[in-house]
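> Fold the following, please.
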Amino acid sequence: MRVETELRDMFSYSLLPLILVVLLLIITIIILKVYKPKERKKQVITNVVVPPRKDITVIKKRYLEEIDKLLLGVNNGEIKNRKAYQLLSKIVRNYIYETTNIKVQNYTLSEIEKVNMPSLYELVKEYYDPEFCKESLGNITDSIVKTREVIKKW
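Coordinates of the predicted model:
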């Protein structure tokens, strides 16, 4: 059995698909050239809202009053040592946050050390054993005095 293949002439195919593709390309290029997306102008901020400046003396006074209340509660026997250390830690951490905006409230001791605040690190280190042990053996009065001094000097 003999099979013959007949080759067609190059121009015997329809030119319509080729012409359509070329036309689509030309139309796309024209559209892109004519209808360029407009460049957005940068918005100029005219009214800058500056946060109110913190009055450090008011903040110090408030936290020193909290420490005084804590000392009074400890001296009256209303607050046990462990609870007093927890409250003292909370007071000093909140003070640091309010004055520096560094969220040290939930930092561990090693994270506080990395923040490079040696006075805060030493205080929190002093609080750790009495705060987390079953029986608190720390001297809360000395710790309160140290905390007062740190806040006064900050």
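> The closest residue to I67 other than its chain neighbours in helix, strand or coil?
Residue nearest to I67 in three dimensions, not counting chain neighbours: R148, with 5.5 Å by Cβ to Cβ, 6 or more residues apart in numbering. Every residue, glycine included, has its C-beta placed from N, CA and C. Put simply, R148 is helix when judged by DSSP: H, G, I helix; E, B strand; the rest coil.
> check contacts around the most centrally placed residue in the chain.
In the chain, the residue lying closest to the centroid (Cα atoms, centre = their mean) is K103, at 8.5 Å. Shown in contact with K103 (Cβ atoms under 8 Å, 6 or more residues apart in numbering): Y97.
> all helices for this protein, in order.
Under the criterion DSSP state H, helices of the chain are mapped to 16-34, 56-75, 81-100, 109-114, 118-132, 140-153.
> now, of the ones you listed, which is deepest in the fold?
Per-stretch averages of neighbours, counted by mean count of other Cβ atoms under 10 Å, single out helix 81-100 among those, with a mean of 19.
> what comes into contact with it?
Contact with helix 81-100 is made by 54, 56, 59-60, 63, 66-67, 70, 73-74, 79, 102-105, 107, 117, 120, 123-124, 127, 130-131, 133, 136-138, 140, 143-144, 147, 150-151, 154, as judged by Cβ under 8 Å, 6+ apart.
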